[in-house]
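Peer 1: Let's see this in three dimensions:
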Amino acid sequence: MAEASVKSFLQRLSSLKLQENEASPGLQDQIQKLKNRVEEIGNFPGEVDTSSKQYEGLVCNWESNLIETVHDANNCIDQYVTKTTSRDGSDQALSILQFRSELEKIDARLAGISRPMSQSNMPSWPTSEAKEEIGESSSTNRVDVIGYGENEMLPTLDPFSPPPFMRHLSLCGHLVDIPDWVCSMEGLTKLTLAYSFLPEEAIYVLQFLPNLKHLNLGGACNSKQINKEFCKVGGFPKLETLRICSRDLVEWTEIEKGAFPSLAFLFFQNCLRLMNLPEGLQYVTTLKELMIVALHPDLERRLKPDGGKENYKIKHIPLIRSSRAKLQKLLL
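Peer 2: Got it, this is the predicted structure:
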């Protein structure tokens, strides 16, 4: 959950110890500013109520942006506090000036993340204007196409030709298929598909995006199962964060050894019926964190460290967070 990630990050900032020669007032002030910024975000969207289905994709997108930024901030701190040695024997680490510059970028990204959106202020664009919205956004590195809700069909997007510098894409609404031009976006680093309700095989092509780092799937498929074809050996070569929100998903069957070579963060949100984590997850040794929000009690029992039959799949992951699914939601 975003709240847990942010709290953990705040604790890390509070415990960050600087050497005397590093503790310049400027750096200390910048760290404090970053802490204040994170604290200002304040309220977090919890599990989305089933009466608000049309907003779940947007909330997932908001949380994804926040978690992605916190993830990058933690990586920045890692690079600063952990020295690595290059081939010529010299220490490789972020200098104070580089560290301050990176913190400024993180702060700017956090400033651009809005507070949790209530139903009254949720942005919505009529799908009849979706093509126009794409045209207006073509001068930026990001495009968002959002319908009114989960029953809204997006218009045909095939005629659109994405600019080569576009890095982020969000498509929120029903799709017949993933537009062909998506698979040609070699520079794409972040993709959100919400309420697409595609067949599972339609999203298999995403694994071939060479520079995709963050993938957010909020109701992207209407399938009860994810198969190993979702990511074959070498698939998603640079993917770092994978977020799945699905009320239909029951099982992820298998991950081939060698798939997801860069995956660091795996998040299941409101996958209320999820009963099995994939066989082969134990081979994704790059994973730093697993989060399961609304964990089914049967899966919880199988994942327990004291005798859980499937604990071997996750015991290598340094940080595991979960919250139980509410009984009334399981019965829906």
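
Peer 1: What residues does the closest residue in space to residue 226 that isn't next to it in sequence make contact with?
Peer 2: Closest residue to residue 226 in three dimensions, ignoring its sequence neighbours and counting by CB to CB, 6 or more residues apart in numbering: residue 252, at 4.2 Å. C-beta here means a position set from N, CA and C on the backbone, and glycine is covered the same way. With contact taken as CB atoms under 8 Å, 6 or more residues apart in numbering, residue 252 is in contact with 225, 226, 274, 276, 277, 278.

Peer 1: Kindly provide the distance from residue 252 to residue 290.
Peer 2: 13 Å (CB to CB, to the nearest Å).

Peer 1: now the helices for the stretch 101-250 of the chain?
Peer 2: Secondary structure of the stretch 101-250 of the chain (DSSP state H, counting those that start in this stretch): helices at 130-137.

Peer 1: Pass me the low-pLDDT residue ranges in it, would you?
Peer 2: Applying pLDDT under 70 to the stretch 101-250 of the chain flags residues 113-140, 142-152, 155.

Peer 1: let's see 80
Peer 2: 109-165, 222 (pLDDT under 80).

Peer 1: between the contacts of residue 252, which is nearest residue 234?
Peer 2: residue 278 (16.8 Å; CB to CB).

Peer 1: For residue 109, see how far away that closest one is.
Peer 2: Distance, residue 278 to residue 109, using CB to CB: 31 Å.

Peer 1: In terms of neighbours, single out the busier of those two.
Peer 2: The residue with more neighbours, out of residue 278 and residue 109, is residue 278; 21 against 17, by other CB atoms under 10 Å.

Peer 1: Just list the residues touching the more buried one, thanks.
Peer 2: By CB under 8 Å, 6+ apart, the residues touching residue 278 are 226, 228, 252, 253, 254, 255, 313.

Peer 1: how much space between it and residue 39?
Peer 2: Taken as CB to CB, the span from residue 278 to residue 39 is 36 Å.

Peer 1: And for residue 204?
Peer 2: 41 Å.

Peer 1: again with residue 104
Peer 2: In terms of CB to CB, residue 104 sits 18 Å off from residue 39.

Peer 1: quick one: which of these two has more around it?
Peer 2: residue 104 (13 against 10).

Peer 1: how about that one, what does it touch?
Peer 2: Residue 104 makes contacts with residue 30, as judged by CB under 8 Å, 6+ apart.

Peer 1: Look up the closest residue to residue 30, ignoring the ones flanking it.
Peer 2: Leaving aside its sequence neighbours, residue 30 sits nearest to residue 103 (CB to CB, 6+ apart; 5.2 Å).
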